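[1] Structure for the following, please:
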Amino acid sequence: MTLPRTLKRQPQGIPAGGQFAHDIKNEAPGITLQAGHSPERVADATDELKKRRQQSWPAMVEQLHREEGAWAASNAALGARELFSNADSLEYSVDTDGTITELEILNDGDLVGSVWLDSAGRYRGSSDWIEKRVLTHLNYRSLDSLTDQGATVQYSPAGAGLKMVRVPFGEVLDKAHARHAGDTSTPPSAAAVSDALSARQVESWHGAMERHEQEETAWAASRAAINAREVFPDADLDELDYFVDADGNVTGVEVLSRGLPVMSLYTNEDGTVSALGRNGKLHGPVLKPVSSAGLQQMQDQGATVREDTRDDEAAAGGGKIVNLRFDDVILNAAARLDS
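    This is a model prediction of the structure:
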């Protein structure tokens, strides 16, 4: 759906009067926007913010990995049983640096799957999934913590400081379930234990994702600005407006160049978005970031907010137009990197 739009600013190079005579709106009182930012300064700030964004996801994953250390043994057991339903334990060798050099998954003492570290420092084995689903939970983990979780540790007969770690799945999963459920009585069936601990893993991941998305709202304005320029690199974009109804729902976004709209995307009456065609490129990169943050958050990031006085039904009832001047919000965000 495309809604009519009345410009609130007089584009550069167009004289006053005519269609702009009664519809020019000044910036909010007390707001002073910087002008004449050097392209080099904005480009450097953009690069720094892109690096921050690229690093934020690995940082979140690493934080989750640390948090999951208290569940490493049970997570590895669950992963092993997903690959080999009859597996009942695993054993691995770990060197003095905490690196796993060999890992074997067992069923009643018989080998069902394994991986080992080759001379080039790469893991080889019977299945690539063992590294991803099992070994990654245990590598570089505290042996004391693993012992608390039900694993046993002893020195390897091979010597050279190697240690052997054994993870008996039944005991480890029962201990983890008791800790998760806060119940030290007889655990339920093995299937129920596995289901509960698998659900805990999923909840932990979703919780980490939610925290990550919440933290990213502090950068929503600059993300939308940078993404818009990346999506339409030849359009010379310098600002955007997005529209918020009285209930706080974002109903559309327009990107502009020198005060004139270049591309727009609006929500349907049911709140969905028809992200087809060229303007659909605004959906994920631009509309999603601005929809994630509240008005006060966006103002804190350099946005300006004004009343929506467009003469259409969507603007009725106290809607707002939020404006992001790209260079301003990018430099605002870059300044916070060092704070």
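[2] Okay, helices next: where are they in the stretch 151-300 of the chain?
    169-181, 190-216, 220-231, 288-292, 295-300 (DSSP state H, counting those that start in this stretch).
[3] which element is residue 64 on?
    Assessed by DSSP states H and E, residue 64 sits inside helix 39-67.
[4] Report all helices and strands that that helix contacts.
    helix 190-216, helix 220-231, helix 326-337 (3 or more CB pairs under 8 Å, 6 or more residues apart in numbering; DSSP states H and E). Just so you know, the C-beta spots here come from the backbone N, C-alpha and C atoms, and that holds for glycine as well.
[5] need the ones you listed in JSON lines with distance to residue 306, can you?
    Formatted as JSON lines, the helices and strands packed on helix 39-67 follow (distance: least, CB to CB, whole Å):
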{"stretch": "helix 190-216", "distance to residue 306": "26"}
{"stretch": "helix 220-231", "distance to residue 306": "16"}
{"stretch": "helix 326-337", "distance to residue 306": "15"}
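[6] Can you lay out the helices of the stretch 151-300 of the chain as CSV showing mean neighbour count and mean pLDDT?
    Formatted as CSV, the helices of the stretch 151-300 of the chain follow (neighbours: other CB atoms under 10 Å; pLDDT from 0 to 100):
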stretch, mean neighbour count, mean pLDDT
helix 169-181, 19, 94
helix 190-216, 14, 91
helix 220-231, 24, 96
helix 288-292, 21, 94
helix 295-300, 16, 95
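[7] Which of those sits closest to residue 260?
    Between residue 260 and the helices of the stretch 151-300 of the chain, the shortest gap by CB to CB is with helix 220-231, which sits at 14.6 Å.
[8] just for the stretch 51-200 of the chain, where's the confidence low?
    Applying pLDDT under 70 to the stretch 51-200 of the chain flags residues 159, 184-185, 187.
[9] hmm, back to that, quick one: buried residues of the helix holding residue 64?
    For helix 39-67, the neighbour count (16 or more other CB atoms under 10 Å) marks 42, 45, 46, 49, 52, 60, 64, 65 as buried.
[10] With distance to residue 97 added, can I get those residues in CSV?
    Below are those laid out as CSV (distance: CB to CB, whole Å):
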residue, distance to residue 97
42, 44
45, 39
46, 39
49, 35
52, 30
60, 25
64, 23
65, 17
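[11] thinking again about what came up before, and after the helix holding residue 64, which helix or strand comes next?
    Heading C-terminal from helix 39-67, the first helix or strand you meet, by DSSP H and E, is helix 72-83.
[12] what about the helix or strand following that following helix, distance to the chain center?
    Sequence order places strand 89-94 as the next helix or strand after helix 72-83, per DSSP H and E. The chain centre lies 33 Å from the centre of strand 89-94; the measure is CA atoms, centre = their mean, to the nearest Å.
[13] cool, and stretch 78-89?
    Centre to centre, stretch against its chain (CA atoms, centre = their mean), the figure for stretch 78-89 is 30 Å.
[14] Let the chain start at 50 from now.
    Done: numbering now begins at 50, and the last item shifts to stretch 127-138.
[15] List the contacts of that stretch.
    139, 154-157, 161-162, 176, 178-179, 182-183, 186, 215-219, 222, 243, 246-247, 250 (CB atoms under 8 Å, 6 or more residues apart in numbering).
[16] coming back round to it: and the helix holding residue 113 with helix 375-386, angle?
    Angle of helix 88-116 versus helix 375-386, following axes from the mean of the first three to the mean of the last three CA atoms, to 10 degrees, is 50 degrees.
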